[in-house]
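1. dropping a prediction and its sequence here:
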Amino acid sequence: MRKLIIILTAALCLLSFDSQAQTKYGKVNGSVIDGNTKTIESATITLLRAKDSSVIKMGVADRTGKFSFDNVPDGKYLVSISAVGHQNGYSEVFEVTPSNSTVNLKTIELLQQEKSLGAVTIVAKKPLIEQKIDRTIVNVEASV
């Protein structure tokens, strides 16, 4: 009886190790450049689930514009990239599988945003009553 319990315990331990070995994780690599083919350092990289665009992981590009995500579970994903002064960029949808555990994305190019200050209007209005040291001023043009 005791030998049977030991054999069953050993079998359960082996089965639990086998089930843990089936959980696969992958790696996603890529790089980002701007419109002038210069690298963009410190761009925010977000790994999104393709099904519902939920955030899985976030990271930052290094000085050479390269990024990497480790321990990515199997599934379909896409990468979103944002940087100051640039429009957001997205990768194509890709899949991490046990047969395709390392995914190398195409270089993603971010376009620069147009900078326009023509839409800014500054409006100033004098207060109705101003208190000075020696006098009080009532501004009639500020009244209704």
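-> Right, received. Where do you want to start?

2. would you mind measuring the gap between the ends of stretch 80-96?
-> 17 Å (C-alpha to C-alpha, to the nearest Å).

3. in it, what's buried?
-> 80-81, 83, 86, 89, 91, 94, 96 (16 or more other C-beta atoms under 10 Å). C-beta: built from backbone N, CA, C; applies to glycine.

4. report the beta-bridge partners for the spatially most central residue of the chain.
-> The centroid of the chain falls nearest to residue 46 when counting by C-alpha atoms, centre = their mean (2.3 Å). Beta-bridge partners recorded for residue 46 (DSSP bridges): residue 58, residue 80.

5. likewise residue 104?
-> residue 29.

6. next, count neighbours for it.
-> 10 (other C-beta atoms under 10 Å).

7. swap in residue 108?
-> 22.

8. between the buried residues of stretch 80-96, which is nearest residue 42?
-> residue 83 (7.4 Å; C-beta to C-beta).

9. quick revisit: now the two most distant members of the buried residues of stretch 80-96.
-> Farthest-apart pair in the buried residues of stretch 80-96 is 86 and 96; separation 26.7 Å (C-beta to C-beta).

10. wait, residue 103 sits on residue 47?
-> No - with contact defined as C-beta atoms under 8 Å, residue 103 does not reach residue 47; the gap is 10.7 Å.

11. pretty sure the residue nearest to the centre of the chain is touching residue 55, no?
-> Yes - the pair residue 46 / residue 55 is scored as a contact, 5.9 Å apart, by C-beta under 8 Å.

12. shared neighbours of those two, which are they?
-> Shared contacts of residue 46 and residue 55, defined by C-beta atoms under 8 Å, 6 or more residues apart in numbering, are absent.

13. avg pLDDT for stretch 89-107?
-> For stretch 89-107, the mean per-residue pLDDT is 91.

14. how far out from the middle of the chain is that stretch?
-> Centre-to-centre, stretch 89-107 and its host chain are 16 Å apart (C-alpha atoms, centre = their mean, to the nearest Å).
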